[in-house]
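Student: any chance you could fold what I've pasted below:
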Amino acid sequence: MPNDRVIANLVATRSAIGVGAWVAPRVAGRLFGLDVAGNPQAPYLARLFGARDAALAYGLQTTSGATRAHWLKIGIVCDLADALAGIFAGRKGELPAFTTALVTATALTAAGLGVAALQGPTD
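Tutor: Okay, the predicted model is just below:
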């Protein structure tokens with residue numbers, strides 16, 4: 001896949017997750033297997049996450065070259081931290097196994113897209 005398509009896919013995914021988590025945090029949480037009914041703070045946390053993903057998408061969409069590469073690296077670090085958070089939460093029993101797998105796989109996929117995007121031109 002050409003690099004511009006990788007970046008476009010990453011922007012689209014981050015935008016969809018970010019806006020979705022901000023606009024419909026309960027729906028987004030349920031899609032990821034979270035118990036939003038049992039945690040009244042979940043919408044607040046989803047909106048924090050959503051704002052971050054939307055900002056990362058905006059950074060990728062509006063930059064090029066070395067600045068875009070910097071945004072990609074920031075996204076990779078965030079995604080790897082998300083994956084670790086998923087693993088830790090799963091091991092502590094804070095997330096069901098399916099949810100642990102889903103959130104961790106999503107984060108690792110985004111990190112992988114970021115790494116792939118860094119392999120090509122970022123202009």
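
Student: what pLDDT does the residue of the chain most remote from its centre get?
Tutor: Most distant from the centre of the chain: residue 38, at 23.1 Å, with distances by Cα atoms, centre = their mean. Per-residue confidence (pLDDT) for residue 38: 93.

Student: over to it: give its phi and psi.
Tutor: As for residue 38, its main-chain torsions (degrees, to the nearest 10) stand at phi -90, psi 0.

Student: ok now the host helix or strand of residue 71, how far from the chain's centre?
Tutor: Element membership for residue 71 (DSSP states H and E) is helix 65-91. Its chain's C-alpha centre and that of helix 65-91 lie 8 Å apart, by Cα atoms, centre = their mean, to the nearest Å.

Student: what of stretch 44-53?
Tutor: Remark: stretch 44-53 is offset 10 Å from the chain centroid, using Cα atoms, centre = their mean.

Student: quick check: which ranges of this protein have low pLDDT?
Tutor: 1 (pLDDT under 70).

Student: which residues in it form helices?
Tutor: 3-23, 25-31, 42-61, 65-91, 97-118 (DSSP state H).

Student: mean neighbour count for the ones you listed - can I get that in a markdown table?
Tutor: Every C-beta, even on glycine, is put in place using the N, C-alpha and C of the backbone. Below are these laid out as a markdown table (neighbours: other Cβ atoms under 10 Å):
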| stretch | mean neighbour count |
| --- | --- |
| helix 3-23 | 18 |
| helix 25-31 | 17 |
| helix 42-61 | 18 |
| helix 65-91 | 17 |
| helix 97-118 | 18 |
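
Student: correct me if wrong: residue 95 contacts residue 86.
Tutor: Yes. Using Cβ atoms under 8 Å, residue 95 is in contact with residue 86, at 7.0 Å.

Student: common neighbours of these two, please.
Tutor: Residues within reach of residue 95 and of residue 86 at once, by Cβ atoms under 8 Å, 6 or more residues apart in numbering, are residue 103.

Student: ok, for residue 111, nearest residue in space, not its chain neighbours?
Tutor: residue 79 (3.8 Å; Cβ to Cβ, 6 or more residues apart in numbering).
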